[in-house]
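> got a sequence here, can you build the structure:
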Amino acid sequence: MERPKGFTARIEANGYTADAPWTYGTRKWSVTVVNTRTGKSVSFQYHTGPAVRETPTMLDVVQALISDGRFYEDNPTLPEFARETDREFIPNVPLHHQDPELVKSYLTCKRHAEGMHRVFGADLDAMAEWSADS
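Coordinates of the predicted model:
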């Protein structure tokens, strides 16, 4: 399937990080996906492991955005999200006392869900199909 028209991505290297919880040398990218017809956009950080040297593609970043957004929509509460990510959720404990990595991942996926709807709008299903089939 051909990529739906009217969308661009600005992908810029944002350096390496030593503070990534999973791997030293992870590369951070600043990504902005723009709907050129509406002017609406979403910006987020995209990470690649130390072995990946190529700049992410439009397909890479759209797949990540939709995957995160759909994961949040399938698990919209923090207890569900924790269960599906094998993290501990402590009932009756305020958000700021939960596992910080759990909360960060949950809120990131929530922002990605909101962003994918804002930027893709009525084209979301077509973008999801393109990203899944490519």
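
> measure the residue sitting furthest away from the middle of the chain to Lys28 for me?
Centroid-distance maximum for the chain: Asn92 at 28.1 Å, with C-alpha atoms, centre = their mean. To Lys28, Asn92 is 36 Å away according to C-beta to C-beta, to the nearest Å. All C-beta spots, glycine's among them, are computed from the backbone N, C-alpha and C.

> same thing with Leu95?
Leu95 is 25 Å from Lys28, by C-beta to C-beta.

> more neighbours, these two?
The residue with more neighbours, out of Leu95 and Lys28, is Lys28; 17 against 10, by other C-beta atoms under 10 Å.

> how about the residue nearest the centre of the chain, phi and psi?
Nearest to the geometric centre of the chain sits Leu65, at 3.7 Å (C-alpha atoms, centre = their mean). With angles defined as degrees, to the nearest 10, Leu65 sits at phi -60, psi -50.

> grab the nearest non-local neighbour of Ile90.
Once flanking residues are discounted, Ile90 sits nearest to Gln98: 6.3 Å by C-beta to C-beta, 6 or more residues apart in numbering.

> just give me the neighbour total for that neighbour.
17.

> pretty sure it sits against Phe89.
Yes. Between Gln98 and Phe89 a contact is recorded at 6.6 Å, counting by C-beta atoms under 8 Å.
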